[in-house]
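Visitor: Sequence first, predicted coordinates after that:
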Amino acid sequence: MPSPPASASIWSRKRDLVYLIFFIIHIPTIFLVDAVPLLPTALQTNLAHQMRAFYVSSYNDKFFAEPPPPWFTAFIAMELFYHAPLSIWAIPALIRDNAMVPVHLLAFGVQAFVTSLACLVQVWSWEDRTVAQKRSITMLYGPYVALGMDVLLCV
């Protein structure tokens, strides 16, 4: 029986390398900023509270500075219970060039695109934030929209 063909190195698969870097950054973002209020108290570290406070003071993101709308809390729960496990799985899967990566990226891409776009629509409706503040927030949410759109366009 012939052995399966060796997959190309992650370094030669530029799109997969971008996804890999994204997931490596995304995991600490989930646990140190986004999902902190949803974590059990025992998992809420001082570092996480400091990072979240820095984010709020730097970006004036109302979703984090004020009690968030229920739909945003649901989006963060999806991030905690779907994005985090997927991201942890995706890192070695991308390195190995696992055949299931495209399937999982499609589901992730749809979810990330829709939820992040909804957040940006809300951000740009805020009348108590400057255009500069909205642009700063857009630079943070935008990559999720772009990554999701990239996945959808590549299917």
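Guide: Great, that's in hand.

Visitor: Please count neighbours and contacts with C-alpha atoms only from this point.
Guide: Noted.

Visitor: Contacts only, for the residue nearest the centre of the chain.
Guide: Centroid-nearest residue in the chain: His26, 5.2 Å away (criterion: Cα atoms, centre = their mean). Under the criterion of Cα atoms under 8 Å, 6 or more residues apart in numbering, the neighbours of His26 are 84, 87.

Visitor: That one and Val114: what is the separation?
Guide: Using Cα to Cα, to the nearest Å, His26 is found at 17 Å from Val114.

Visitor: before we move on, what about His83?
Guide: For His83, the distance to Val114 - Cα to Cα - is 14 Å.

Visitor: who's more crowded, these two?
Guide: Applying other Cα atoms under 10 Å to His83 and Val114 shows that His83 carries more neighbours, namely 21 against 14.

Visitor: Now that one: closest residue in space that isn't a chain neighbour?
Guide: Once flanking residues are discounted, His83 sits nearest to Phe108: 7.4 Å by Cα to Cα, 6 or more residues apart in numbering.

Visitor: Next: Pro37.
Guide: That would be Gln44: by Cα to Cα, 6+ apart, it lies 7.8 Å from Pro37.

Visitor: So what's the residue count around the one you found?
Guide: Residues within reach of Gln44, counting by other Cα under 10 Å, total 16.

Visitor: For the host helix or strand of Met78, list every residue counted as buried.
Guide: Using DSSP states H and E, Met78 maps to helix 70-78. Using 16 or more other Cα atoms under 10 Å as the test for burial, helix 70-78 gives 72-73, 75-78.

Visitor: ok, the residues you listed vs Gln50, which is closest?
Guide: Nearest to Gln50 out of the buried residues of helix 70-78 is Ile76 (Cα to Cα; 18.6 Å).
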